[in-house]
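1. Predicted model follows, preceded by the sequence.
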Amino acid sequence: MPQTLQQMIDAANAVIPKIDRAQAEQLMADGALVVDVRDAPEVVHDGKVAGARHVSRGMLEFRADPASPLHEAAFDPERPVVVYCAAGGRAALAGKTLHDLGYTHVFNLGAFKDWVAAGGAVESPMERGM
Ligand SMILES: O=S(=O)([O-])[S-]
């Protein structure tokens, strides 16, 4: 049965908990992978969470699935993952995708602008593969 975008986001939010800056920082300190799923121009323009790996949502399954030839070693289904985007929608959907791929500890940090407003550390996006 067809679904609307809002239904898909609601379903994702029902599975992927939302977290705030302090919770994300604790997860990061404990070794979580932080994934920025925005598109490259957004990251280049605004920067990203310090230490985050940028993987646009379109590439997420290819980087995250250990069976994919494009799998990235940083992605481990046992490792907690924090995802975020511009406003939280893509992060919710990306989080649900990771959950469907077998990731057991996935969290939605939500909007990058909220991280910035809360004083979270930001870095310039220059990294290989952007
Ligand atoms: O996907 S979004 O919430 O950043 S518009």
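-> In hand now; what should we look at? Predicted, not measured: the structure shown is a model, and the values here were computed from it.

2. How far does the host helix or strand of V83 sit from its chain's centre?
-> Using DSSP states H and E, V83 sits within strand 81-85. Offset of strand 81-85 from its chain centre (C-alpha atoms, centre = their mean, to the nearest Å): 2 Å.

3. and the next element down the chain from that strand?
-> helix 89-100.

4. Which strands and helices lie in contact with that next one?
-> Packing contacts for helix 89-100, counted by 3 or more C-beta pairs under 8 Å, 6 or more residues apart in numbering; DSSP states H and E, involve helix 5-15, helix 60-64, strand 81-85, strand 106-111. Every residue, glycine included, has its C-beta placed from N, CA and C.

5. Which of the residues in the strand holding V83 are classified as buried?
-> 81-85 (16 or more other C-beta atoms under 10 Å).

6. That one - contacts with which helices or strands?
-> helix 21-29, strand 33-36, helix 89-100, strand 106-111, helix 112-117.

7. swap the cut-off to 6 Å and go again
-> Counting contacts by 3 or more C-beta pairs under 6 Å, 6 or more residues apart in numbering; DSSP states H and E, strand 81-85 packs against strand 33-36, helix 89-100, strand 106-111.

8. right, so of the ones you listed, which gets closest to the ligand?
-> helix 89-100 (3.0 Å; C-beta to the nearest ligand atom).

9. Enumerate the positions of that closest one that are buried.
-> Quick answer for helix 89-100 (16+ other C-beta under 10 Å): 89-99.
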